[in-house]
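S.K.: quick one, structure for this:
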Amino acid sequence: MTESVSLAPRPVPPRRLSWLRSELDDWTAQGLITEGQAARISTRYRPERHARPLLGGLLLRVGGAFVGTGLVWLVAANLDRLAPLTRFGLVAALWLFFLVGGEVLAHRRASPSVVGAARLLAALGLGAMVFQAAQSLQVPAFEPRLVGLWAAGALLHGYLTGAFAPFAVGVVTGVGWWPTQPLWDEQSGLTAVVLLGAGAVLAAALAVVHDGRADRFARAWRTVAAGMALLAGFVAAIPDIGSDGIVWSTSLVLALAVAAAAAALAAVTRPGARILEPVGAIGVLLGAGVLALWTTGSDASDVGTADWLRAAVAVAAYAALAVGLVALGALRDHPALTWMATTALVVFTTFQSFAVFAPIVTGAWLFVVLGTVFLGTGFLFDRARRGLAQALDVPPTPSSPGTPTDAS
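M.R.: The predicted structure is shown next:
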């Protein structure tokens, strides 16, 4: 039956259209559809054209980042020519101007690039205001709690407006603050491992909670979770990193409590297979803690069987983590996880090779041994990646559009 109404071609992202056309060719070759049917399906879609110039949007965001960074820098330079109250008032006025201006522009449906730049300036200006207030109150500007306040304010701004720019500022500053605050008073390698593992649990749980509701935020939290998990495994594998034990503090207890609460929230609100992500992060936390507690001695010139065994277990565990992240990246259509896992495994293998083999062989032979280990690990990882891709049978489609949070 012929259609009486001609439908306008639907715009789709170019990568998705390229995948669709390759699938149509494959279906036609297999005899599933005719060439005419394939042509009619293909004409129903056209490449999506971006309404805004990419270069202009990039320049606006870079300019906003420079201006916001300059505001923070000016506060750090102390602006000695002005009185403390005047400095604070000036910075607060600029922050309010960008904050209100960004929302007014969004309400008037201005260009997303302009709105994003204004919101980015507001998020960065918030940091300048926090540091200026700390200066006025005689609080040292290098204390990590100031970064924590900045991160909390930027995240609140991002969630209240549904905007990604302030949310990204909050995530970046929050990731920097998370391990710094508990380690501020006393440093401990095992404490750092626990904090990184707990951060992975928190971010993985938040990613699951955001899935299907704010997909852009979910991808950001999932990226943070992967990075924290890879860092936790890397730090835990350093020989004798946990010899000093864990240093308990109020900040560390609160961090663990927040991570546990987020995992419980994910389990309650999003039951099913998705909960495996925070469960896997909990496994990374426990495994990294056990590995960090496994001490074999600190004499680098005497590498014994225990050192070899610990290094082998560390490499196997890290490879398993990397493969798991590759599988998660394929399931969630998140290619960044694959690149992160691959790069981290390369760096980790190199580090472990030097740590284990350097005391035994030197000079050119060290590079021969290192290259052999490096090639072997890369070959096995590539085989595992290909096997996972075939088993999952995930087509190389681009990210599906999520819940429409503001593009800015």
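
S.K.: show me where the stretch 201-350 of the chain has its helices.
M.R.: Ranges of helices in the stretch 201-350 of the chain, per DSSP state H, counting those that start in this stretch, are 215-236, 250-269, 276-293, 305-331, 335-357.

S.K.: for the last one, give the mean pLDDT please.
M.R.: The pLDDT scores in helix 335-357 average 78.

S.K.: please convert the helices of the stretch 201-350 of the chain to TSV, extending it with mean neighbour count and distance to Val169.
M.R.: For the C-beta atoms, the positions are set from N, CA and C on the backbone; glycine is no exception. Shown next, in TSV, are the helices of the stretch 201-350 of the chain (neighbours: other Cβ atoms under 10 Å; distance: least, Cβ to Cβ, whole Å):
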stretch	mean neighbour count	distance to Val169
helix 215-236	24	11
helix 250-269	16	20
helix 276-293	21	24
helix 305-331	19	25
helix 335-357	18	19
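
S.K.: out of these, which is closest to Gln135?
M.R.: Closest to Gln135 of the helices of the stretch 201-350 of the chain is helix 250-269 (Cβ to Cβ; 23.3 Å).

S.K.: the closest one to helix 276-293, inter-axis angle?
M.R.: Helix 250-269 runs at 150 degrees relative to helix 276-293, counting by axes from the mean of the first three to the mean of the last three Cα atoms, to 10 degrees.

S.K.: from the contact counts, what lies against helix 250-269?
M.R.: helix 189-210, helix 276-293 (3 or more Cβ pairs under 8 Å, 6 or more residues apart in numbering; DSSP states H and E).

S.K.: where does the chain have low pLDDT?
M.R.: For the chain, the stretches with pLDDT under 70 are 1-8, 48-82, 84, 139-142, 297-304, 353-408.

S.K.: how is it carved up into domains?
M.R.: Residue ranges for the domains of the chain, per automatic domain parsing: 11-47, 50-181, 188-408.

S.K.: turn the helices of the stretch 201-350 of the chain into TSV, columns for distance to Gln30.
M.R.: What follows is these, written out as TSV (distance: least, Cβ to Cβ, whole Å):
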stretch	distance to Gln30
helix 215-236	33
helix 250-269	41
helix 276-293	35
helix 305-331	24
helix 335-357	28
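
S.K.: wait, which of the ones you listed is closest to Gly31?
M.R.: That would be, of these and by Cβ to Cβ, helix 305-331, which comes in at 29.0 Å.

S.K.: on contacts alone, who are the packing partners of the closest one?
M.R.: helix 215-236, helix 276-293, helix 335-357, helix 364-392.

S.K.: and the third one, what does it pack onto?
M.R.: Right, helix 335-357. helix 215-236, helix 305-331, helix 364-392.

S.K.: restricting to C-alpha, output the first one in CSV.
M.R.: Once non-C-alpha atoms are left out, helix 215-236 reads as follows in CSV (Å, rounded to 0.1, in the frame of the first residue of the first chain):
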residue,chain,number,x,y,z
ASP,A,215,21.9,10.9,31.0
ARG,A,216,24.5,13.6,30.5
PHE,A,217,25.0,13.8,34.3
ALA,A,218,25.0,10.0,34.5
ARG,A,219,27.9,9.8,31.9
ALA,A,220,29.9,12.3,33.9
TRP,A,221,29.4,10.4,37.2
ARG,A,222,30.2,7.1,35.4
THR,A,223,33.5,8.6,34.1
VAL,A,224,34.4,9.7,37.6
ALA,A,225,33.6,6.3,39.0
ALA,A,226,35.9,4.6,36.4
GLY,A,227,38.7,7.1,37.1
MET,A,228,38.5,6.6,40.8
ALA,A,229,38.4,2.8,40.6
LEU,A,230,41.5,2.8,38.3
LEU,A,231,43.3,5.2,40.6
ALA,A,232,42.4,3.1,43.7
GLY,A,233,43.8,-0.1,42.0
PHE,A,234,46.9,1.7,40.9
VAL,A,235,47.7,3.2,44.3
ALA,A,236,47.0,0.0,46.1
